[in-house]
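Asker: Give me a model of this one.
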Amino acid sequence: MNKPWLKAITATVALSATIAALSARAADAPGLAFVYLGNPGDAGWTFAHDAGSKEAEAHFGNKIKITRVENVPESADSERVFRDLANRGNKIIFGTSFGYQDFQLKVAQDFPGTIFLTATGFKKAKNFGTYDVRMYQGAYLAGIAAGYVTKTNTLGFAASVPIPEVVRNINAYTMGARSVNPKVHTKVIWINSWFDPGKEKQAAETLIGQGADVLLQNTDSNATFNTANEKHVCVRLGLGHEKVRPERASRLDGRALGRILQRRDPAGARRQVEKRSGVAGHSAEGRGLRRSEQQRDSGEGDAGGRGEA
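Answerer: Sure, this is the predicted structure:
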């Protein structure tokens, strides 16, 4: 005998069981956490990290659970954030700025079962490592372009924070320029911040006033580029961290030589997630995380992504 009510009950029980199974699976999914210095916005260093985390999220679905914490200063307060994320059971915790290194390492020592990774840096432990990209290669190529076009033999560099990675980019830029024009010298102004459009604009204006006719910036806004356009006196290259998009490419007018782009390698990130968190069953195409030349020589760290001119 046909009993619609019995079929309805059976279907309801089956659906409930499916929902319960999916909920349990999501609850058991290994956690990955990203700690950001600022907001992702639509360009810049944090944007690139956020795009990478979303790529991993789209690829693995409910096999992983991603937590993002924004606007965390590079201070002792970040230790509290890292400790809280570890206490909540996250398997891998990414600190996306150099200034987190010491605070993250301190927390890592108390959570040996958790993997901590920090963007750039030089310290390591059994469960603590670094990652970076070879941006200096693009800076060297930018220097070659600048060396060819400069008329004053004076280049300008709007620098963020005096850490080894930024100094490396300044040196690579200058070395590239001198490989084609030995008379070149580079003026540097530090703004001592990763993102401060006001100071970046002031630095660009000062460099132009000192005779620099090609500018490169290692900061997180377009202020240097915009200032170059306003002054109509210099060409500009930039160390950027964003996806290539037509609307952004169209902003490169006749005075702009180009932009150096950093792209996080999604395939490499996926492979790292599989390795560190135990998530399997997905293929990861392309190039994986690799060691930078600087770190490889010292036996430290992994580097993901690539720098392109």
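
Asker: In this structure residue 47 contacts residue 37, no?
Answerer: No: assessed by CB atoms under 8 Å, residue 47 is found out of contact with residue 37, at 11.7 Å. Any C-beta I mention is one placed from the backbone N, CA and C, and that applies to glycine too.

Asker: Tell me which stretches of the stretch 1-150 of the chain form strands.
Answerer: Secondary structure of the stretch 1-150 of the chain (DSSP state E, counting those that start in this stretch): strands at 31-35, 65-69, 90-95, 115-119, 128-131.

Asker: the more surrounded of residue 47 and residue 37?
Answerer: residue 37 (24 against 20; other CB atoms under 10 Å).

Asker: Count residues in the vicinity of residue 185, would you?
Answerer: 12.

Asker: any weak-confidence spans in the protein?
Answerer: Within the chain, the ranges that satisfy pLDDT under 70 run 1-27, 42-43, 232-309.

Asker: All the helices of it, residue numbers only.
Answerer: 4-28, 45-60, 77-87, 101-108, 135-149, 164-178, 197-209, 223-231, 246-249, 266-277, 293-298 (DSSP state H).

Asker: Residue 127 versus the residue lying closest to residue 126 once chain neighbours are set aside, what's the distance?
Answerer: Closest residue to residue 126 apart from its sequence neighbours, by CB to CB, 6 or more residues apart in numbering: residue 112 at 7.0 Å. As judged by CB to CB, to the nearest Å, residue 112 and residue 127 stand 6 Å apart.

Asker: of those two, who's got more company?
Answerer: Using other CB under 10 Å as the criterion, residue 112 and residue 127 rank with residue 127 on top: 17 against 11.

Asker: residues contacting that one?
Answerer: If you count contacts by CB atoms under 8 Å, 6 or more residues apart in numbering, residue 127 has them with 108, 111, 112, 113, 114, 115, 116.

Asker: Adding distance to residue 139, write those residues out as TSV.
Answerer: Listed next are the contacts of residue 127 as TSV, based on distance: CB to CB, whole Å:
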residue	distance to residue 139
108	31
111	36
112	37
113	38
114	34
115	30
116	28
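
Asker: Which of the residues you listed are buried? Put it as a ChimeraX command.
Answerer: Remark: buried members of these, expressed as a ChimeraX selection using 16 or more other CB atoms under 10 Å:
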select :108,111,114,115,116
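
Asker: wait, doesn't residue 194 sit right on residue 221?
Answerer: No: the criterion here is CB under 8 Å, and residue 194 misses it with residue 221 at 9.4 Å.

Asker: circling back: what is the nearest of the contacts of residue 127 to residue 89?
Answerer: Residue 89 has its nearest neighbour among the contacts of residue 127 in residue 114, at 8.5 Å by CB to CB.

Asker: How about the closest one: what's its closest non-neighbour residue?
Answerer: That would be residue 86: by CB to CB, 6+ apart, it lies 5.1 Å from residue 114.

Asker: Check residue 76 too.
Answerer: With CB to CB, 6+ apart, the residue lying closest to residue 76 is residue 103, at 6.6 Å.

Asker: show me what contacts that neighbour?
Answerer: 75, 76, 78, 79, 82, 95.

Asker: Report the two of those separated the most.
Answerer: Once CB to CB is applied, those give 76 and 95 as the farthest pair, at 13.7 Å.

Asker: In terms of neighbours, single out the busier of these two.
Answerer: Comparing residue 76 with residue 95 by other CB under 10 Å, the one with more neighbours is residue 95, at 31 against 10.

Asker: who's in contact with that one?
Answerer: Contacts for residue 95 (CB under 8 Å, 6+ apart) come out as 35, 78, 82, 101, 103, 104, 116, 117, 118, 119.

Asker: The first one against residue 72, yeah?
Answerer: Yes: the criterion here is CB under 8 Å, and residue 35 meets it with residue 72 at 5.1 Å.

Asker: so what sits against both of these two?
Answerer: Shared contacts of residue 35 and residue 72, counting by CB under 8 Å, 6+ apart, come down to 78, 81, 100.

Asker: closest to residue 162 among those residues?
Answerer: residue 100 (16.8 Å).

Asker: So the closest one is in contact with residue 76, correct?
Answerer: No: in this structure, residue 100 is not within contact of residue 76 by CB under 8 Å, at 11.0 Å.

Asker: Near residue 102, how many other residues are there?
Answerer: Going by other CB under 10 Å, the residues that sit close to residue 102 add up to 14.

Asker: The one 3 residues further on too?
Answerer: By other CB under 10 Å, the residues close to residue 105 number 20.
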